[in-house]
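Undergrad: got a predicted model here, sequence first, then my questions.
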Amino acid sequence: MSEKKLAIIATKGTLDWGYPPFILASTAAALGYQVQVFFTFYGLQLLKKKLNPKVTSLGNPGMPMPMPMPVLLQALPGMQSMMTMMMKKKMASKGVASLEDLRNLCLEADVKMIACQMTVDLFEMSPSEFIDNVEYGGAATFFEFAGESDVCLFI
């Protein structure tokens, strides 16, 4: 029986959207899957050395809030920082690993992380901004693996 493969496309770089690719990738690797994550557009934020993602409820009506907040109030300056602090505090109180820890777990489990070269060029990013062990490639590079994967997820 051949090794199962999981391919993930990570497109978002906020705190709440950063968890799914790392949780799914590390879990699959622990279960014996060969895993690749293709980080593109805003998902590239998750590969930066200085990882400081924010969370916002704007455009995310399903986000549980301690009290109902009108959209206008959510758009006020400082609300994003406050909501990020609240989310991090809630996660820490529940024993949820940090994004850094989950990312490191993925690296230790040999999850292959690919930064979209086109997006790196588009946003004029430098490889020095990213953690070590990141590979660079385009969609064709990812499709070589994704085309043979058992599971392919777009996050």
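TA: Yep, it's here.
Undergrad: ok, now which ones touch the residue most central in space within the chain?
TA: Centroid-nearest residue in the chain, with Cα atoms, centre = their mean: residue 18, separated by 3.2 Å. Going by Cβ atoms under 8 Å, 6 or more residues apart in numbering, residue 18 touches 12, 45-46, 53, 99. Backbone N, C-alpha and C define where each C-beta goes, glycine included.
Undergrad: let's see that with 7 Å instead.
TA: Residues in contact with residue 18 (Cβ atoms under 7 Å, 6 or more residues apart in numbering) are 46, 53, 99.
Undergrad: ok, the second one to residue 99 distance?
TA: I take that to be residue 53. 7 Å (Cβ to Cβ, to the nearest Å).
Undergrad: same thing with residue 133?
TA: To residue 99, residue 133 is 16 Å away according to Cβ to Cβ.
Undergrad: out of these two, which sits in the busier spot?
TA: Remark: of residue 133 and residue 99, residue 99 carries more neighbours, 19 against 12, as counted by other Cβ atoms under 10 Å.
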